[in-house]
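K.L.:
Sequence and predicted structure below; questions after.
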Amino acid sequence: MNDLFSFILTMVSLVLAIGVTHLVQDAARLVRQRRDVELEPVVFVWVASLFLVGALYWWSLWDFRGAEWRFPLFFYMLLAPTLFHIAASLLVSSRGDGAAEEGGESQFERIRVPFMVIMAMFSVIVMGDGWVVGVEPGWTEYRPLQLWSVAIYLIGAAVSSSNAQYLLAWLALVTYVVAGFFYRLLPGAFGG
């Protein structure tokens, strides 16, 4: 089964890596074009959060090494990195301008709701993946932190205040730092 796990992990890792690459390249592009675009600090906090999310998700994949793989489980495992890629693409758009449109709406405000909803969906899928694949129980010590992250995204979708968005971005970043250093320090923290 270890060869099958490597086979499956390769595809899931590729989709995730393309999303991380897109996130980092477009963040660097925004910095390079800082004279031509309006840099929104909230976007860069979210970029840091998503970078950590990508690293944590990949790190967590080790939990699935003992699963009995079938195509439906493989397909389910492709959902999270695909949603991650879409969210990263929305967050750091490849569009050339970051200036506010008529009415003063920022680029982040234009993508805020779909970004938050997609990241909430990503979080729900990741929250259930260990249980769906059969390598962890339905409830783990990590679940409250995962529910907290879903709440951050849902609140982010509902609240348009720029101060609230900035606070939520920082809360997400701190949440993922805590997740990485206190819950997922070693690979295989929750799986068999």
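P.N.:
Right, received. Where do you want to start? The model shown is predicted, which means the values in this text are computed figures rather than measured ones. Numbering: from 1, shown residues only.

K.L.:
Can you give me the buried ones in the longest helix seen in the chain?
P.N.:
Among the segments of the chain that qualify as a helix by DSSP state H, the longest is helix 2-32. Buried residues in helix 2-32, counting neighbours by 16 or more other CB atoms under 10 Å, are found at 5, 8-9, 12, 15-16, 18-20, 22-24, 26-27, 30. Every residue, glycine included, has its C-beta placed from N, CA and C.

K.L.:
and what of stretch 140-159?
P.N.:
Here stretch 140-159 shows 140, 142-143, 145-146, 149-150, 152-153, 155-157 as buried, counting by 16+ other CB under 10 Å.

K.L.:
hang on, residue 19 packs against residue 78?
P.N.:
No - using CB atoms under 8 Å, residue 19 is not in contact with residue 78, being 11.9 Å away.

K.L.:
hmm, back to that, centre of the chain versus the longest helix of the chain, how much separation?
P.N.:
12 Å (CA atoms, centre = their mean, to the nearest Å).

K.L.:
Could you name the helices and strands sitting against it?
P.N.:
The elements that helix 2-32 packs onto, with contact taken as 3 or more CB pairs under 8 Å, 6 or more residues apart in numbering; DSSP states H and E, are helix 41-60, helix 71-91.

K.L.:
can you list the weak-confidence ranges in the protein?
P.N.:
1-2, 34-38, 94-104, 185-192 (pLDDT under 70).

K.L.:
Roughly how far does the residue nearest to residue 88 when sequence neighbours are not counted sit from residue 161?
P.N.:
Leaving out its chain neighbours, the residue that sits closest to residue 88 by CB to CB, 6 or more residues apart in numbering is residue 23, at 4.0 Å. Plainly put, residue 23 is 25 Å away from residue 161 if you go by CB to CB, to the nearest Å.

K.L.:
that older thread, run the angle between the longest helix of the chain and helix 71-91 for me.
P.N.:
Put simply, helix 2-32 runs at 10 degrees to helix 71-91, going by axes from the mean of the first three to the mean of the last three CA atoms, to 10 degrees.
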